[in-house]
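Participant: quick check, what structure comes out for this input:
(4 chains)
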4 protein chains.
Amino acid sequence: MISFESDYTEGAHPEVLEAIIKTNLETLVSYGNDKYSEAAKEKIKAACGTPEADVYFLTGGTQTNKIVISSLLKSYEGVVSADTGHVAAHEAGAIEFSGHKVLTVPHDNGKVRAEDVDALVSKFYADESHEHMVFPGMVYISHPTEYGTLYTLDELTRLSDICKKWALPLYIDGARLGYGIMSSNTDVTLRDIARLSDVFYIGGTKVGTLCGEAVVFTKGNMPKYFATIVKQNGAMLAKGRIIGVQFDALFTDSLYERIGAHGIEMANKLRALFISKGIPFHIDSPTNQQFVILDDSFAARLREKVKFGTWEALTDGKSAYRFVTSWATKAEDIDALAKLI
Amino acid sequence: MISFESDYTEGAHPEVLEAIIKTNLETLVSYGNDKYSEAAKEKIKAACGTPEADVYFLTGGTQTNKIVISSLLKSYEGVVSADTGHVAAHEAGAIEFSGHKVLTVPHDNGKVRAEDVDALVSKFYADESHEHMVFPGMVYISHPTEYGTLYTLDELTRLSDICKKWALPLYIDGARLGYGIMSSNTDVTLRDIARLSDVFYIGGTKVGTLCGEAVVFTKGNMPKYFATIVKQNGAMLAKGRIIGVQFDALFTDSLYERIGAHGIEMANKLRALFISKGIPFHIDSPTNQQFVILDDSFAARLREKVKFGTWEALTDGKSAYRFVTSWATKAEDIDALAKLI
Amino acid sequence: MISFESDYTEGAHPEVLEAIIKTNLETLVSYGNDKYSEAAKEKIKAACGTPEADVYFLTGGTQTNKIVISSLLKSYEGVVSADTGHVAAHEAGAIEFSGHKVLTVPHDNGKVRAEDVDALVSKFYADESHEHMVFPGMVYISHPTEYGTLYTLDELTRLSDICKKWALPLYIDGARLGYGIMSSNTDVTLRDIARLSDVFYIGGTKVGTLCGEAVVFTKGNMPKYFATIVKQNGAMLAKGRIIGVQFDALFTDSLYERIGAHGIEMANKLRALFISKGIPFHIDSPTNQQFVILDDSFAARLREKVKFGTWEALTDGKSAYRFVTSWATKAEDIDALAKLI
Amino acid sequence: MISFESDYTEGAHPEVLEAIIKTNLETLVSYGNDKYSEAAKEKIKAACGTPEADVYFLTGGTQTNKIVISSLLKSYEGVVSADTGHVAAHEAGAIEFSGHKVLTVPHDNGKVRAEDVDALVSKFYADESHEHMVFPGMVYISHPTEYGTLYTLDELTRLSDICKKWALPLYIDGARLGYGIMSSNTDVTLRDIARLSDVFYIGGTKVGTLCGEAVVFTKGNMPKYFATIVKQNGAMLAKGRIIGVQFDALFTDSLYERIGAHGIEMANKLRALFISKGIPFHIDSPTNQQFVILDDSFAARLREKVKFGTWEALTDGKSAYRFVTSWATKAEDIDALAKLI
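Facilitator: The predicted structure is shown next:
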């Protein structure tokens, strides 16, 4: 059965796996203080063009969002997010569980509009009783978004400017960042992400690793004793090397970009297929998630041969469905799909 | 440089790594619902002799302790631990960070005495104002302990009985359980651990995996919606398979026991070496951690060639030092050490 | 200067104050276990028609909401509220600070519609990935609402039925309950509130006491060791008597009803005044908060003589303003206001 | 029945009650921003000799300890306390419930020794793995202590110096401060307390008010948006005036000192009675709590006529018992007691 279900249904990219194998028997210091972790951090800082940055490796996306957000906020602050943001909708309340409210603004194709943040914060401070309310304390976005969409450089710059205006750290969730910066239709680079945010993470899990995300505090602004914070959150790995080794591989010979490019190439091929078959799109996504509208009866039949996700029920016996590509998608898979549609 | 620094300085046991490699490109469902995770759970339940148990895979020890303890306690309850317990001393306050006090009893060679638990709980309920205090809500021990020591079957049975008497769940931290049940000097088996506890975990990280611990709720007593609790703690892996695959390997062909046995064989060889050289022991440990007393000046010279840990400063220019073996320790390492002492 | 600013700008109703004075030098047991607290509980249970209820006294509204909600929810659950609900908007994130998300539904004149709760919960359980989301765990409403509006008996019954259908406790915030049950335009009694909810609180602070709210767990469903939970929340008063004595007074000779009736009589008089002057209403409230639309320039002049709140800026140089009555409002205040309009 | 059970078994001191009565019908702004609260703050700052201080009123002792400690600590820090400290033993884990460990040192007659704090912190930073442990983040003491004992000016100065050395805020719980500074046997004044601590609180509940404690951030070091922190902790009173009015009375005409002096006079009389009767002391306390050793059989008989507390069971059918005086204790009570012994 071919699968377009998600970008985390296979193990590690072969070059990443090779690095794990090669270093497996080396005796290394623990807790991520090993030489591979150090090398990976240096390579990431170089790729981001931020020599002053602090880099820290964590295991998964929700964990990263929770620890980054809760360690940067004061107790009385919340994080501003699109109502469709991962932290708002799909993390089982991990942010609230850490004591903080998610303050939502309506999404625009999955994105947060700079003007909505400006309005929310203006209105907050204009309210006489704002000391009885949750202070907006930082802004969370993802790039690509939950809808596979991308900020333009102009949008991101304006959002970054509004954040600076209100002294709110801008945090970018880059779970699928590789597929964002390698999109055929973007003017935003990794360096732009690093330059315009205060902290972001480079997703590993969905871009070729077994696990692991690289948090980049772009201005050397990692909270003091962050390792202890990570530990008390239950997120420190004894064998921290396993993430360091994988990111060292990702940032060697541009593997991260090559993975992103492959996922995008496959997504573009998939997109062309849908267009050629006259299948309408539910969302216009330039990244590795493609959202199309299918008759439910047709989708049910197709699912006997192909795995893909249900996104949202529509009317008239139709629904939006999600097809995802990744480093592991093969051109043959799409050719096979073509024959089934 | 040879190393006896800890049991988490190498990657995965070759058979574990092989399982990761072999399954790497398989398309599997995510979040630990894959077939390898399911198989591993069945094998663990069989090995424990507890077909009714619930098994859940988590990533590391502190994470496991934090989630198990906080999900079993009521908000007004604390966990009873030896003052030397890992949760009391070396988890950066992860338990308190989850809202719960660690109620300590003095350790007996790293162990909790049944009578001390009984006395603590009796005294608590006898206090007229106990509703103004933290209720003892469960008991935490580790086997082996922080001191490498082991409970006898009698001690464990008495502790379990006292826990039943007060309706306190007994939780056993098995970070190094493999080296405990395979000790040359124990009458406690994996089945005893499963039978006498309410929940325990089988440590993977220190016994051959890259990461991962298997929590066993021995009486089918896993809290409802535990996956959601895990998620809100930031501990759910998208590629949950990576722990399932590793535990599937550990519980195939008795690998877990073979790893434990090797670590113990090496520890016994190390122990014999220390005895033959007249080096005194600081703690009498039957497991893979050996604690000896060395002159600090000698230790400093030895460290030019060998890595090992400092345990505790003593008097007269001496300290206690810790030497640890694992699945990765080679007999040649000990032979090399012999030449240096 | 006359004031319609809020219902908590004076001290205690004279009969309540008298009770404090009268009992002041009596030696009483502490922590709310005194005879006045016990008597007050019995009177409240009788007034509610719920002999099986548990009653507990707390100090203020946000404290009560926080403790009741967090003690009834599981860690992975959130509370459903109108987006205008006090817990959603004006408690500085106290609910999230306790670890729980507030799940909002759009308000209908400040009220939660039964069908919206039903839809939210249905949609939640229909979502395949709901274990990655916050479970709806209880429903919070206030009566009167933030908008001064009231549920009809039919609305409340339907909401209660939907809550039962989904096994969600229904919690009613009665900060201004006295003004609700004594409205000239309601078919909901205190007994209905007690019968249709699982837990509610009878507000004291805004209805005649210096401080204090009476939580009623209507089905004898107070969480075990609730006093300890209160203590760990920092909410236990050493001299718990001070709330018991006040509620004992409130529930003697129908004082609670008399206070409510007076506030309503004053509100009706105020309402008649606005109508007679042709001043339009922003919200149609049958309780002690009246919301009218005024020209901002007129409001500014009026404020030289009268205190009242700004509710919301409208267009064309107009805003909605709030005038509140209470047990302390005097008919002369409204006569004086009449001369100024 | 006469009572020496505790110092919170009566209502308010008559002069405090008079202030409540006198201001009861005044229309005042809410949330503690009224003129009486402001006046009280000024009087407290003057009495403390700290014009730069920030003062905030809270309701009770555990609430105050929890909010002050949790708002000053970083997430990875704990508070150092004597093992007998109120926060360590008798607050139902409120500190841990806020996420922080209480790091205990052995008490010396209820007191924390400067050298023990120095040793604990030195040892912490000397430990190579201290980033895996809870950082000592502040020091908590009470004056008088749980044992009724008092720090000497020299002890307090040395403790303050050690705290400065390690940059740890020193926090003094003054639940019974009035009885401490008015002891016949102390060289520590209110100004010393204010000068040597970073934050402390002046207890109201046990020294003449119905409720209320005044937190003094002695160096103008109140955390930013403290009111919002208080609100999210559920500790903000709508009618904040009720604490302000009471403290305004306490700090008018030296009432706070007069109350303390009366409690001490009564305690000294009680002490003289015990001495005259040859009753031995369990603890040598110079404040309003007196601890004596009685035969349990005698104590049981005495309790038919007198209320007092059991402190601790001793051997040989004896126990330590606690007799407490306060502003409400009358000389006749002690004369009556004398006849019964």
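
Participant: rest of the way, CA atoms for contacts and neighbours
Facilitator: Will do.

Participant: helices along chain A, start to end?
Facilitator: Assigned helices in chain A, in chain order: A:14-23, A:35-48, A:61-72, A:86-89, A:94-97, A:114-126, A:153-165, A:177-181, A:190-196, A:226-232, A:241-250, A:255-276, A:296-302, A:331-340 (criterion: DSSP state H).

Participant: the last one vs chain B: in contact?
Facilitator: No. Contact between helix A:331-340 and chain B is absent, the nearest approach being 12.7 Å (criterion: C-alpha under 8 Å from any C-alpha of the partner chain).

Participant: now do that helix: which elements does it pack against?
Facilitator: Using 3 or more C-alpha pairs under 8 Å, 6 or more residues apart in numbering or on different chains; DSSP states H and E as the contact criterion, the neighbours of helix A:331-340 among helices and strands are helix A:255-276.

Participant: again with the longest one
Facilitator: Based on contacts counted as 3+ C-alpha pairs under 8 Å, 6+ apart, the elements that helix A:255-276 packs against are helix A:177-181, strand A:289-295, helix A:331-340.

Participant: please apply the same query to the fourth one.
Facilitator: Using 3+ C-alpha pairs under 8 Å, 6+ apart as the contact criterion, the elements in contact with helix A:86-89 are strand A:77-82, strand A:102-105.

Participant: which residues are contacting the longest one?
Facilitator: It stands for strand A:77-82. Counting by C-alpha atoms under 8 Å, 6 or more residues apart in numbering or on different chains, the neighbours of strand A:77-82 from elsewhere in the structure are A:69, A:73, A:87-88, A:100-107, A:110-112, A:117, A:134-141.

Participant: just the buried ones from those residues?
Facilitator: Among the contacts of strand A:77-82, those that count as buried by neighbour count (16 or more other C-alpha atoms under 10 Å in any protein chain shown) are A:69, A:73, A:87-88, A:100-105, A:110-112, A:117, A:134-141.

Participant: burial measure for A:Val16, as a count.
Facilitator: Using other C-alpha atoms under 10 Å in any protein chain shown, A:Val16 has 22 other residues around it.

Participant: and the gap between it and chain B?
Facilitator: Going from A:Val16 to chain B by C-alpha to the nearest C-alpha, to the nearest Å gives 11 Å.

Participant: what's the answer for A:Gly220, then?
Facilitator: A:Gly220 is 24 Å from chain B, by C-alpha to the nearest C-alpha.

Participant: please name the residues that touch the closest residue to that residue other than its chain neighbours.
Facilitator: In space, A:Gly220 comes closest to A:Ala53 once its chain neighbours are excluded; the distance is 4.4 Å by C-alpha to C-alpha, 6 or more residues apart in numbering or on different chains. For A:Ala53, the contact set (C-alpha under 8 Å, 6+ apart) comprises A:Lys45, A:Val216, A:Phe217, A:Thr218, A:Lys219, A:Gly220, A:Asn221.

Participant: let me see the contact set for the last one.
Facilitator: For A:Asn221, the set of contacting residues under the criterion of C-alpha under 8 Å, 6+ apart consists of A:Ala53, A:Asp54, A:Asp198.

Participant: hmm, A:Ala214 and the second one touching each other?
Facilitator: No. With contacts counted by C-alpha atoms under 8 Å, A:Asp54 stays clear of A:Ala214, the gap being 10.1 Å.

Participant: before we move on, back to that, out of the helices and strands packed on helix A:255-276, which is the most enclosed?
Facilitator: With neighbours defined by mean count of other C-alpha atoms under 10 Å in any protein chain shown, none of the helices and strands packed on helix A:255-276 is more surrounded on average than helix A:177-181, at a mean of 30.

Participant: quick one: that helix to chain centroid distance?
Facilitator: Here helix A:177-181 is found 8 Å from its chain centre; the criterion is C-alpha atoms, centre = their mean, to the nearest Å.

Participant: mind giving me the packing neighbours of that helix?
Facilitator: strand A:199-203, helix A:255-276.

Participant: got the residues of the stretch 201-341 of chain A near chain D?
Facilitator: A:Tyr225, A:Ala227, A:Thr228, A:Ile229, A:Lys231, A:Gln232.

Participant: 7 Å - rerun?
Facilitator: A:Ala227, A:Thr228, A:Ile229, A:Lys231 (C-alpha under 7 Å from any C-alpha of the partner chain).

Participant: rounded mean pLDDT for stretch A:312-323, please.
Facilitator: For stretch A:312-323, the mean pLDDT works out to 96.

Participant: same check, this time on stretch A:65-77
Facilitator: Taken as a whole, stretch A:65-77 has a mean pLDDT of 98.

Participant: can you report how many residues lie near whichever residue of the stretch 101-250 of chain A sits closest to chain C?
Facilitator: Taking C-alpha to the nearest C-alpha as the measure, the stretch 101-250 of chain A has A:Met133 as its residue closest to chain C, at 3.9 Å. Counted by other C-alpha under 10 Å, the residues lying close to A:Met133 total 23.

Participant: how deep is the closest residue to it other than its chain neighbours tucked in, by neighbour count?
Facilitator: Using C-alpha to C-alpha, 6+ apart and skipping the chain neighbours, the partner closest in space to A:Met133 is C:Ala92 (3.9 Å). By other C-alpha under 10 Å, the residues close to C:Ala92 number 30.

Participant: relative to D:Thr59, how far out is C:Ala92?
Facilitator: Using C-alpha to C-alpha, to the nearest Å, one obtains 18 Å as the distance from C:Ala92 to D:Thr59.

Participant: next to chain B in this structure, residues from chain A, please.
Facilitator: Chain A has residues A:8-12, A:24-30, A:60, A:62-63, A:66, A:91-94, A:97, A:210-211, A:228, A:231-235, A:237-239, A:242 near chain B, with proximity defined as C-alpha under 7 Å from any C-alpha.

Participant: from these, list the buried ones, please.
Facilitator: A residue is treated as buried here by neighbour count (16+ other C-alpha under 10 Å); on that basis the buried members of the residues of chain A next to chain B are A:8-12, A:24, A:27-30, A:60, A:62-63, A:66, A:91-94, A:97, A:210-211, A:228, A:231-235, A:237-239, A:242.

Participant: A:Ser142 touches A:Tyr171, doesn't it?
Facilitator: No. Under the criterion of C-alpha atoms under 7 Å, A:Ser142 makes no contact with A:Tyr171, lying 8.2 Å away.

Participant: so which of these two has more stuff around it?
Facilitator: The neighbour count for A:Ser142 versus A:Tyr171, taken as other C-alpha under 10 Å, is higher for A:Ser142 (28 against 25).

Participant: residue contacts, the more buried one?
Facilitator: For A:Ser142, the residues meeting the contact criterion (C-alpha atoms under 7 Å, 6 or more residues apart in numbering or on different chains) are A:Ile172, A:Asp173, A:Gly174.

Participant: for chain D, what's the nearest residue on the stretch 151-300 of chain A?
Facilitator: Of all residues in the stretch 151-300 of chain A, the one sitting closest to chain D is A:Thr228 (5.4 Å; C-alpha to the nearest C-alpha).
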